[in-house]
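Participant: What follows is a protein structure lacking sequence information:
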């Protein structure tokens, strides 16, 4: 196999692994965002509950709700950035896949050409038959 093709395949495998890592990071950020939204909903529900401790700790809960909202906004920014990084990795993987495909075609053509040349050499090197 062509050395360039071997290197391109190794590079493709590496880029695929890097892409998987970026996708896992993105999934983690999305999970964290869901947890933050769930915590906010739970806190809002306790704030709306009139019987829960008769309004004690309302200020602390309101501050916590603000903290959760700011964390969610920050997480959303990180998620958008990570989404762009993952998309960029996916584009790199596609480019390398196309390059590997072209190299495979070139390698196959080179092998076929060598086989044809060898066949021609065999056919032309046979001694001519002599008549008795």
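Facilitator: Nice, I can see it. Everything quoted here is computed from the prediction, not taken from an experiment.

Participant: From here on, just use CA atoms for contacts and neighbour counts.
Facilitator: Will do.

Participant: Summarise which helices and strands the longest helix along the chain is packed against.
Facilitator: Using DSSP state H to define each element, the chain has its longest helix at helix 58-125. In terms of contacts (3 or more Cα pairs under 8 Å, 6 or more residues apart in numbering; DSSP states H and E), helix 58-125 is packed against helix 3-48.

Participant: which residue is nearest the centroid of this protein?
Facilitator: By Cα atoms, centre = their mean, the chain has its centre lying nearest to residue 19, at 2.6 Å.

Participant: Low-confidence ranges, the protein, go.
Facilitator: Scanning the chain for pLDDT under 70 picks out 1, 50-55, 126-132.

Participant: on that earlier part again, surely the residue nearest to the centre of the chain touches residue 90?
Facilitator: Yes - if you go by Cα atoms under 8 Å, residue 19 and residue 90 touch, sitting 6.2 Å apart.

Participant: residues shared between the contacts of these two?
Facilitator: When Cα atoms under 8 Å, 6 or more residues apart in numbering defines a contact, no residue borders residue 19 and residue 90 alike.

Participant: separation between residue 2 and residue 107?
Facilitator: To residue 107, residue 2 is 6 Å away according to Cα to Cα, to the nearest Å.

Participant: Comparing those two, which shows the higher neighbour count?
Facilitator: Taking other Cα atoms under 10 Å, residue 2 and residue 107 do not tie; residue 107 has more neighbours (17 against 14).
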